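Chemist: Show me how the following folds:
(one chain, ligands or ions: 1)
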Amino acid sequence: MNLIFLGPPGAGKGTQATRLIEKLAIPQLSTGDILRRAVADGTSLGKKAKSLMEAGKLVPDEIVNGIVDEALDLEAVQGGFLLDGFPRTVPQATALDGMLARRGRQIDAVISLEVPQDVLLERLSGRWSCPQCGTPYHERTAPPKTADHCDRDGTRLIQRPDDRPDRIKKRLEEYATKTAELTTYYRQRGVVRSVDGVGSVDEVTGRILAALGKRA
Ligand code: AP5
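Modeler: Numbering: from 1, shown residues only. Sure, this is the predicted structure:
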């Protein structure tokens, strides 16, 4: 199954992706995680992306398109994938159509996670993330089992630089002006499944699985 997660910053894409990849046995391809790793490693890609990401702005289409085009050749994604954070602009979506067509593949479903803005702000301002594996936590709703450390690999959690209030505002603006229209783009192809993203993490996972016709 080839899936896309659409939704504003803080909608729960990363949280749900870490659960779905286990239930659906497909890997997550998160452009945000790939870019953050490149920034942490100080690669040339990371140097190009760092200031844009920290300001809450999108990285240029040609950079992220190249990352995804390369990732689609990985052995691990040949049986399916969950794209988290890509595409984010119409040019990225048309580029993805071309990448998949060249490989004789297509998108089976686009999960659109719907969450109102006040909830997004509350989620992002309390988020802590693992810099190693990207797993998101929340200081109130999803704390780690051991304070300040990732449940999966024990790494000390950090607050993302783009989770500062002024940058959250910029990311939400970028989403509204450049990404929200992708729901219409994919709706015209009949693949969008809208899912209410408010509720417990388990409830939202159950809704996504139901929307995909899978059992929880
Ligand atoms: P990216 O990493 O993709 O960030 P994002 O889209 O802003 O999404 P977030 O990671 O902020 O939120 P999420 O929806 O994953 O929510 P989460 O599960 O963490 O991109 C970062 C940057 O990289 C971009 O700004 C851009 O610069 C660049 N970039 C990436 N891809 C790009 C592209 N394609 N083109 C150009 N630039 C690109 O949840 C949030 C919080 O809520 C957590 O604390 C979580 O614990 C909590 N939570 C989740 N679900 C629930 C629930 N049901 N109930 C209560 N709390 C919950």
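Chemist: center of the protein - which residue?
Modeler: Nearest to the mean C-alpha position of the chain, by C-alpha atoms, centre = their mean, lies Asp84 at 3.1 Å.
Chemist: What segments of this structure are helices?
Modeler: Secondary structure of the chain by DSSP state H: the helices cover 13-24, 31-41, 44-54, 61-71, 90-102, 117-125, 165-174, 182-187, 201-211.
Chemist: and for the first one, what are the contacting residues?
Modeler: It refers to helix 13-24. Contacts to helix 13-24, defined as C-beta atoms under 8 Å, 6 or more residues apart in numbering, come from residues 1, 3, 5, 7, 26-28, 30, 32-33, 80, 82, 84-85, 113, 134-136, 142, 201, 204-205, 208-209, 212, 214. Just so you know, the C-beta spots here come from the backbone N, C-alpha and C atoms, and that holds for glycine as well.
Chemist: shouldn't the residue nearest to the centre of the chain be in contact with Gln28?
Modeler: Yes: Asp84 is within contact range of Gln28, at 5.5 Å (criterion: C-beta atoms under 8 Å).
Chemist: excluding its backbone neighbours, what's nearest the closest residue to the ligand within the chain?
Modeler: Nearest residue of the chain to the ligand (C-beta to the nearest ligand atom) works out as Gly32 at 2.0 Å. Once flanking residues are discounted, Gly32 sits nearest to Gly85: 4.5 Å by C-beta to C-beta, 6 or more residues apart in numbering.
Chemist: With Arg189 instead?
Modeler: In space, Arg189 is closest to Ile107, 7.6 Å off (C-beta to C-beta, 6+ apart).
Chemist: near the ligand, which residues of the protein?
Modeler: Counting by C-beta under 6 Å from any ligand atom, the residues of the chain close to the ligand are 7, 9-15, 31-32, 35, 52-53, 56-59, 64, 85-86, 88, 92, 123-124, 126-127, 136-138, 141-142, 162, 171, 199-201, 204.
Chemist: what do you get if the cut-off is 5 Å, keeping everything else the same?
Modeler: Applying C-beta under 5 Å from any ligand atom, one finds that the chain approaches the ligand through 9-15, 31-32, 53, 58-59, 64, 85-86, 88, 123, 127, 136, 138, 141-142, 201, 204.
Chemist: are any of the residues you listed buried, and which?
Modeler: Among those, those classed as buried by 16 or more other C-beta atoms under 10 Å are 9-15, 31-32, 53, 58-59, 64, 85-86, 88, 123, 127, 136, 138, 142, 201, 204.
Chemist: quick one, what contacts the closest residue to Glu139 other than its chain neighbours?
Modeler: The shortest distance from Glu139 to any non-neighbouring residue, by C-beta to C-beta, 6+ apart, is to Gly126 (4.5 Å). Gly126 makes contacts with His138, Glu139, Arg140, Thr141, as judged by C-beta under 8 Å, 6+ apart.
Chemist: let's see 6 Å
Modeler: Residues near Gly126 by C-beta atoms under 6 Å, 6 or more residues apart in numbering: His138, Glu139, Arg140.
Chemist: do the same with Ala11
Modeler: Contacts of Ala11 (C-beta under 6 Å, 6+ apart): Leu113, Val115, Gly197.
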